[in-house]
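> Predicted model and sequence below, questions to follow.
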Amino acid sequence: MYIQSTAAITPQASFETIINKPNSYSGDRLVCVEPDYTAYIDSKLIRRMSRVIKMGVAAAKDCLQAANVQQPDAFVTGTAYGCLADTEAFLSRMVSFNEELLSPTSFIQSTHNTVGAQIALMLQCHNYNNTFVHRGFSFENALLDASLLLAEKEAGNVLVGAVDEIVDASHTILQRFGLYKNRSASTALLTEPAKGTMNGEGAVFFLVNEEKQDNSMAKLNDVYTFYKPASQSEIELEIEKFLATQSITIDDVDIILTGLNGDVTNDAAYKELQKTVFKNRALAGFKHLCGEYPTASAFAVWLTANILQSGTVPAAVGKAPQAPKRILIYNHQQHIHHALFLLTAC
């Protein structure tokens, strides 16, 4: 399928397309740079929306405007955590009020499909609307659902995206597992490996269809997932199998964009691949720009689509050939959820 437009709210500048000068963060998290929401959402609605809902709605509306599409034929959203701020508020009030006299607002807005529902309500669109909550495969399954809708002619234009946020409560819980560690700067995340990484968040949307147009950004050839590989050799086998289904070898790939995040345990799989399947190939990274979170692969696809359209590879990504024609993305979430994406220039 072809990516016609994208929009993203990330720790980099809002709705930026080429990251010329990346924002640097210190500490253990990368937080989104939020835009002026009044350009996308009615002021009366903004005050009733949580932060993640505003991020998702604004990114989706900007994506539709970029493609000059009023209403898509389907919405497909992926999220691992959903609306964490509203969930935290509801659970806190449940404890505070001894489970009595609870306002339903926080509960209603805490459900994972709230972002997709809010987009549909604002557009007055009653078409197909689905949300996938599959941890590290949430965005990947949203893309697969979109591809099935297109293949079965159930939809012409599909708005597909992913959204996840950081809240203090969830960050503290995850930090107790040793996932995050204070860093001097996010820009040094990949050059100074240690134990732990930096938390991230973002809202990324794409408008996709089956038709190549003059202004199409990139072609998404395929997305492939595999779960809990038993060994490093199994990872290598899955990657080789994926490339074989596309009738290419690794030598046909211009850039390999990986989920390197600075954590020595997480990055071990990528380093081993550099000795085998990815031998003599430079590995680029993206998580020093967006942080580590379950749907970070959506940021990687957004970044790749913009690289293929512009023909420019930001220096922040790493050493890579300019004007690439084919980019492979390989990402894993805590060695459990593994995903491969292949994109080519139009």
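Yes, it's here.
> residues in contact with the spatially most central residue of the chain?
The chain has residue 298 as the residue nearest its centroid, 2.2 Å off, counting by C-alpha atoms, centre = their mean. Neighbouring residues of residue 298 by C-beta atoms under 8 Å, 6 or more residues apart in numbering: 78, 139, 161, 162, 202, 204. Where you see a C-beta, it was placed from the backbone N, CA and C, and this is true even at glycine.
> Produce a ChimeraX select command limited to the buried residues of these.
Per 16 or more other C-beta atoms under 10 Å, the buried members of the contacts of residue 298 correspond to this ChimeraX selection:
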select :78,139,161,162,202,204
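> Could you provide the contacts of residue 298 in JSON lines, with additional columns for secondary structure and distance to residue 305?
What follows is these, written out as JSON lines (DSSP: H, G, I helix; E, B strand; the rest coil; distance: C-beta to C-beta, whole Å):
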{"residue": "78", "secondary structure": "strand", "distance to residue 305": "16"}
{"residue": "139", "secondary structure": "helix", "distance to residue 305": "14"}
{"residue": "161", "secondary structure": "strand", "distance to residue 305": "12"}
{"residue": "162", "secondary structure": "strand", "distance to residue 305": "14"}
{"residue": "202", "secondary structure": "strand", "distance to residue 305": "15"}
{"residue": "204", "secondary structure": "strand", "distance to residue 305": "10"}
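> Please tell me how far residue 248 sits from residue 220.
15 Å (C-beta to C-beta, to the nearest Å).
> Could you check which of the two is surrounded by more residues?
More neighbours surround residue 220 than the other of residue 248 and residue 220, with 21 against 16 (other C-beta atoms under 10 Å).
> for that one, what are its contacts?
By C-beta under 8 Å, 6+ apart, the residues touching residue 220 are 1, 2, 3, 143, 208, 301, 341, 342, 343.
> wait, isn't residue 201 in contact with residue 32?
Yes. In this structure, residue 201 is within contact of residue 32 by C-beta atoms under 8 Å, at 5.6 Å.
> My guess is residue 85 contacts residue 53. True?
No. Residue 85 is not in contact with residue 53 according to C-beta under 8 Å; the separation is 9.1 Å.
> who's more crowded, those two?
It is residue 53, of residue 85 and residue 53, that has more neighbours when counted by other C-beta under 10 Å, with 25 against 21.
> what about that one, which helix or strand?
helix 51-67 (DSSP states H and E).
> Over to residue 170?
helix 168-175.
> re earlier: looking at this, the residue nearest to the centre of the chain is in a strand?
No. Going by DSSP: H, G, I helix; E, B strand; the rest coil, the assignment for residue 298 is helix, not a strand.
> Quick check: it vs residue 146, distance?
Per C-beta to C-beta, residue 298 is found 12 Å from residue 146.
> just residue 47 next, same as before
For residue 47, the distance to residue 146 - C-beta to C-beta - is 32 Å.
> quick one, which of those two is more surrounded?
Per other C-beta under 10 Å, whichever of residue 47 and residue 146 has more neighbours is residue 146, with 27 against 6.
> dump the residue contacts of that one.
Counting by C-beta under 8 Å, 6+ apart, residue 146 touches 1, 74, 76, 155, 158, 160, 208.
> Now do stretch 150-165: distance to the chain's middle.
Distance, stretch centre to chain centre, for stretch 150-165: 14 Å (C-alpha atoms, centre = their mean, to the nearest Å).
> Show the average pLDDT along the lengthiest strand in the chain.
Ordering each strand of the chain by length in residues (DSSP state E) puts strand 218-227 first. Regarding strand 218-227, the rounded mean pLDDT is 98.
> With stretch 97-107 instead?
Across stretch 97-107, the average pLDDT comes to 81.
> Contacts for it next, please.
In contact with stretch 97-107 (C-beta under 8 Å, 6+ apart) are residues 86, 87, 89, 90, 93, 94.
> Scan these and report the most crowded one.
Using other C-beta under 10 Å as the neighbour criterion, residue 86 leads the contacts of stretch 97-107 with 23 neighbours.
> tell me which residues of stretch 102-117 are tucked away?
Quick answer for stretch 102-117 (16+ other C-beta under 10 Å): 106, 107, 109, 110, 112, 113, 114, 115, 116, 117.
> Among those residues, which pair sits farthest apart?
Using C-beta to C-beta, the two most remote members of these are 106 and 116, lying 18.4 Å apart.
> Under the pLDDT cut-off, which ranges of the stretch 151-300 of the chain? List them.
Along the stretch 151-300 of the chain, no part satisfies pLDDT under 70.
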